[in-house]
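>>> Make a model of this:
(one chain, ligands or ions: 2)
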Amino acid sequence: MAIESSKKKKKLKRSSFVQNTSSSMANSTTVCSFYERNRRLTLITVSLIVSVLVILYISSNTINKMKFEEVISSQISSIEVVNEFPHDPNAFTQGLLYGGNDTFFESTGLLGHSSVRKVVLHTGKVEVLQKMDDSYFGEGLTLLGERLFQVTWLKKIGFIYDRYNLSKFEEFTHEMQDGWGLATDGEVLFGSDGSSTLYKLSPQTFKVIEKATVKYKDLEVHNLNELEYINGEVWANVWSSDCIARISPKDGIVLGWILLPTLRNQLLRAGNVDIDVLNGIAWDSEKNRLFVTGKLWPKLYEIKLHPVRETIHGSIEQHCLRRRAFGFAEP
Ligand SMILES: *[C@@H]1O[C@H](CO)[C@@H](O)[C@H](O)[C@H]1NC(C)=O
Ligand SMILES: *[C@@H]1O[C@H](CO)[C@@H](O)[C@H](O)[C@H]1NC(C)=O
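Ligands and ions are numbered 1, 2, ... in the order given. Prediction:
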């Protein structure tokens with residue numbers, strides 16, 4: 001019995017030993033497979049993270065590239081003519097703005113021919129006309145509240161008119177070097193004087209609130225002429241070019257260009273040999289219509305913009321920034 005019991009004990013011991021070892025072996029295999037599984041999991045997780053990162057990197061690169069290309073291309077627009085309307089071929093257009101209800105307000109230049117007029121869109125008919133004194137050369141025009149503000153060439157004198165009957169209210173003196181273009185955001189006046197400066201003027205005192213040098217890349221854009229305020233940007237005809245610069249009023253940076261050589265070229269080809277340069281941008285903010293015309297142009301155009309796909313940045317410098325005779329050949 002004693003032997004047996006001791007045997008049993010031994011057995012028990014052994015078995016408990018075996019049990020112990022097997023349980024510890026079981027434990028160690030559990031630990032092993034735990035580590036193994038962990039290692040695999042870690043490997044899988046790491047490779048997943050790596051591939052996600054790689055995909056993200058590639059796609060963000062592609063997106064950035066696409067964005068970059070989109071920005072580059074939308075910086076330059078060509079135009080499509082949506083509608084053509086008659087325009088007084090004797091109007092040496094210097095200021096143009098949409099007056100609501102299919103009408104425009106227009107300022108014309110040339111000594112002895114200068115005027116402020118209300119014009120009907122569809123017929124080009126002059127509804128109301130205020131002829132200026134022969135000693136004044138009409139320039140930029142804008143509407144703020146019920147009043148039209150106009151500047152004049154080679155003088156620092158401007159005029160304020162009633163928008164309904166165009167009767168002259170007042171004369172003012174501004175602080176720009178000359179009077180070329182005017183526009184408004186409804187608060188301040190934006191002005192140009194043929195230089196590369198975009199002015200912000202007080203509509204009460206006509207003092208300069210702020211000025212910015214208009215630049216495309218590092219190049220100054222001179223000859224800023226007729227202005228229009230459109231969706232937070234100031235658009236400017238660049239005198240003696242077929243280009244409109246889209247300017248940030250905050251810092252004068254050129255945000256984009258609109259190329260319009262087709263219009264003048266079309267008119268010339270149709271035999272209108274006496275026309276002068278593109279000048280006059282008008283924006284109908286109610287119907288989002290964009291209109292342009294030029295000095296002595298028999299037509300006023302409603303246009304739409306299309307991004308130019310080809311990279312023609314080098315030629316912007318040549319076409320829009322150089323003081324040249326008249327524009328450039330149609331692309
Ligand atoms: C808009 O113009 C038409 C045609 O000239 C005129 O009959 C109408 O009264 C005008 N409407 C407003 C709101 O000025
Ligand atoms: C033009 O209209 C204003 C009011 O808007 C009026 O005070 C002025 O007398 C008018 N002028 C003429 C010449 O009718």
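
>>> Quick one: mean pLDDT over whichever strand or helix holds residue 290.
Assigned by DSSP states H and E, residue 290 falls within strand 289-294. The average pLDDT within strand 289-294 is 98.

>>> Please apply the same query to stretch 175-187.
Mean predicted confidence for stretch 175-187 is 97.

>>> What are the buried residues along that stretch?
Residues 175-176, 178-185 are the ones in stretch 175-187 that count as buried (16 or more other CB atoms under 10 Å). C-beta here means a position set from N, CA and C on the backbone, and glycine is covered the same way.

>>> What of stretch 208-228?
Buried residues in stretch 208-228 (16+ other CB under 10 Å): 211-212, 214-216, 221-228.

>>> That stretch - what's its average pLDDT?
96.

>>> that older thread, check the buried residues of stretch 175-187 and tell me the two furthest apart.
178 and 185 (22.0 Å; CB to CB).

>>> any low-confidence regions in this protein?
Scanning the chain for pLDDT under 70 picks out the ranges 1-37, 54-74, 310-314, 322-331.

>>> helices or strands up against the lengthiest strand in it?
Taking DSSP state E as the criterion, the chain has its longest strand at strand 76-86. If contacts are counted by 3 or more CB pairs under 8 Å, 6 or more residues apart in numbering; DSSP states H and E, strand 76-86 sits against strand 254-259, helix 261-269, strand 299-307.

>>> Next secondary structure element downstream of the second one?
Put plainly, it is helix 261-269. Next along from helix 261-269, by DSSP H and E: strand 278-284.

>>> What residues does the stretch 51-200 of the chain have near ligand 2?
162, 164-165, 167 (CB under 6 Å from any ligand atom).

>>> and the closest residue to ligand 2 within the stretch 1-150 of the chain, how many neighbours?
Proximity of the stretch 1-150 of the chain to ligand 2 (CB to the nearest ligand atom) peaks at residue 146, 6.8 Å away. For residue 146, the count of nearby residues is 10 (other CB atoms under 10 Å).

>>> Phi, psi for it please.
The phi/psi pair for residue 146 (degrees, to the nearest 10) reads phi -100, psi 10.

>>> With residue 49 instead?
phi -60, psi -40.

>>> Count the neighbours of it for me.
Count around residue 49 with other CB under 10 Å applied: 10.

>>> With residue 321 instead?
Using other CB under 10 Å: residue 321 sits among 22 other residues.

>>> One more: residue 85?
Counted with other CB under 10 Å, residues neighbouring residue 85 total 18.

>>> Same check on residue 133?
Residue 133, neighbours per other CB under 10 Å, totals 11.

>>> Pretty sure it sits in a strand.
No - read with DSSP: H, G, I helix; E, B strand; the rest coil, residue 133 is coil and lies in no strand.

>>> And it, how far from residue 114?
8 Å (CB to CB, to the nearest Å).

>>> Give me the phi and psi angles of residue 113.
Per-residue torsions, residue 113: phi -120, psi 10 (degrees, to the nearest 10).

>>> in terms of contact, does the residue of the stretch 1-150 of the chain closest to ligand 2 touch residue 167 like I think?
No - applying CB atoms under 8 Å, one finds residue 146 not in contact with residue 167, separated by 11.7 Å.

>>> Report the contact partners of the residue in the stretch 201-331 of the chain positioned nearest to ligand 2.
Per CB to the nearest ligand atom, residue 203 is where the stretch 201-331 of the chain lies closest to ligand 2, at 17.7 Å. By CB atoms under 8 Å, 6 or more residues apart in numbering, the contact set of residue 203 is 144, 149, 184, 188-189.

>>> and if we set it to 6 Å?
Residue 203 sits next to 144, 189 when contact means CB atoms under 6 Å, 6 or more residues apart in numbering.

>>> what's the neighbour count on residue 76?
Residue 76 has 23 neighbours, counted by other CB under 10 Å.

>>> now the closest residue to it other than its chain neighbours: how far from residue 159?
Distance criterion CB to CB, 6 or more residues apart in numbering; nearest residue to residue 76, sequence neighbours excluded, is residue 308 at 4.3 Å. Per CB to CB, residue 308 is found 39 Å from residue 159.

>>> Compare neighbour counts for these two and give me the winner.
Higher neighbour count among residue 308 and residue 159: residue 159, with 22 against 18, using other CB under 10 Å.

>>> thinking the more buried one is in contact with residue 150, fair?
Yes - between residue 159 and residue 150 there is a contact at 4.9 Å, judged by CB atoms under 6 Å.

>>> Helices of the stretch 1-150 of the chain, start to end?
Secondary structure of the stretch 1-150 of the chain (DSSP state H, counting those that start in this stretch): helices at 2-74.

>>> domain ranges for this structure?
1-74, 77-320 (automatic domain parsing).

>>> give me every residue that touches residue 245.
Going by CB under 6 Å, 6+ apart, residue 245 touches 221, 236, 238, 254.

>>> what's the burial count for the last one?
The number of residues packed around residue 254, counting by other CB under 10 Å, is 22.

>>> For it, which non-adjacent residue is closest in space?
In space, and not counting its chain neighbours, residue 254 is closest to residue 216: 4.0 Å by CB to CB, 6+ apart.

>>> who's the one you found bridged to?
residue 219 (DSSP bridges).

>>> just residue 229 next, same as before
residue 234.
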